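# What follows is a predicted protein model with its sequence.
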Amino acid sequence: FDIDDLKAHVGHNQEERLKEAETAEHMVREEVGSMVAWVRGLEATPTIVALRKKAEEIKQGELEKVFGRLGELSSKDRAAIEGLASAIVNKL
């Protein structure tokens, strides 16, 4: 080996390291994006839970009103109305 051979070898190794660094940077960027999305999801979770709880409270209140107005219902009719109300809340 002479100096020129060593320079060529070093240059080749440096190119390979740069390629690997770019690959690693791309991987890190993807993972950071995933992590940011995950954290944002965590931030939204309490709001979603609170909205769902409020929707359930509204559903129960409205069911009590409608059952009071309708009078005696069969358990089948009552279950159908409750199922409809639950289906609506679940679509929110």
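Arrived safely. Numbers count the residues shown, from 1 in each chain.
# C-alpha only now, for contacts and for neighbours.
Will do.
# which stretches of this structure form strands?
Ranges of strands within the chain: none, based on DSSP state E.
# Tell me the helices and strands packed up against the worst-scoring helix or strand of the chain on mean pLDDT.
In the chain, no helix or strand scores lower on mean pLDDT, DSSP states H and E than helix 3-70, which sits at a mean of 92. Of the remaining helices and strands, those touching helix 3-70 by 3 or more C-alpha pairs under 8 Å, 6 or more residues apart in numbering; DSSP states H and E are helix 75-90.
# Now do the helix it packs on and helix 3-70, the angle between them.
Angle of helix 75-90 versus helix 3-70, following axes from the mean of the first three to the mean of the last three C-alpha atoms, to 10 degrees, is 140 degrees.
# Pull out the buried residues from helix 75-90.
By neighbour count on 16 or more other C-alpha atoms under 10 Å, the buried set for helix 75-90 is 82, 85, 89.
# what's it in contact with?
52, 55, 56, 59, 63, 67 (C-alpha atoms under 8 Å, 6 or more residues apart in numbering).
# Enumerate every residue touching the first one.
To tie it back to what came earlier, the one meant is residue 52. So residue 52 contacts residue 89 (C-alpha under 8 Å, 6+ apart).
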